[in-house]
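A.B. asks: All I have is the shape, not the residue letters:
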C-alpha cells in the first residue's frame, strides 16, 4: 500500500478484499506480499471529500493516517473472535449490586430508662433513636434469631474478569 496513491484498487489478487468504507477497528491489512500485517486502530470517513482516514498500528510512510478514497478495495484479514458455544460453560468474575429488604427477629439485652419499659410506643421510639444499644447484637446472617428476606432485586451486574 502506498501513501497518497489515487489508485482505486489497493488489493492483491488471491487475498480476501473489503471496501475501505467497510473496514472496522481490529481488521488487519496485509502488506509487503503478506509478510506483515497492519492493524486498523481507528477509521474516519469524510463524506465531503469521499476519503477515508485509516489510523494503523505502524505506518511505513511515517506518522499520520493513510488517506484512501472511500470506494477503494484493500486486502483485509479479520481475526475470528473467540466465542464459546452456547452450551459451553465459562467461569467469570462478576461484580453484583443487590438490594434486599430483610426482616431480622432476634432477642438482646439492652439498658433503657425504666419509664419506657412499660409503654410499647415509647420503647419503640427510644430504641429507634438509640440504635447503638442493640445494633451490635444484630447478626446479618440471622444466626441469633430469624432472618426473612422480604424482597430482593439484582440492581447491576458486570463481568469483571473472564477466566
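C.D. replies: That came in fine, so what should we check first? Note that this is a predicted model, so its numbers are computed, not measured.
A.B. asks: where do the helices sit along the protein?
C.D. replies: Secondary structure of the chain (DSSP state H): helices at 114-117, 120-129.
A.B. asks: which secondary structure elements does the top strand by length along the chain contact?
C.D. replies: Identified as the longest strand of the chain according to DSSP state E is strand 145-162. In terms of contacts (3 or more C-beta pairs under 8 Å, 6 or more residues apart in numbering; DSSP states H and E), strand 145-162 is packed against strand 92-106. Every C-beta, even on glycine, is put in place using the N, C-alpha and C of the backbone.
A.B. asks: pLDDT weak spots in this structure?
C.D. replies: Residue ranges of the chain with pLDDT under 70: 1-14, 32-34, 58-66, 70, 79-85, 161-163.
A.B. asks: Repeat the analysis, applying 50 as the threshold.
C.D. replies: Within the chain, the ranges that satisfy pLDDT under 50 run 1-8, 163.
A.B. asks: Contact partners for residue 71?
C.D. replies: Residues in contact with residue 71 (C-beta atoms under 8 Å, 6 or more residues apart in numbering) are 8, 19-21, 50.
A.B. asks: Not counting sequence-adjacent ones, nearest residue to residue 107?
C.D. replies: Among residues not flanking residue 107 along the chain, residue 145 sits closest, at 6.7 Å (C-beta to C-beta, 6 or more residues apart in numbering).
A.B. asks: So that neighbour sits against residue 137, correct?
C.D. replies: No: look at residue 145 against residue 137 with C-beta atoms under 8 Å: they stay out of range, at 9.3 Å.
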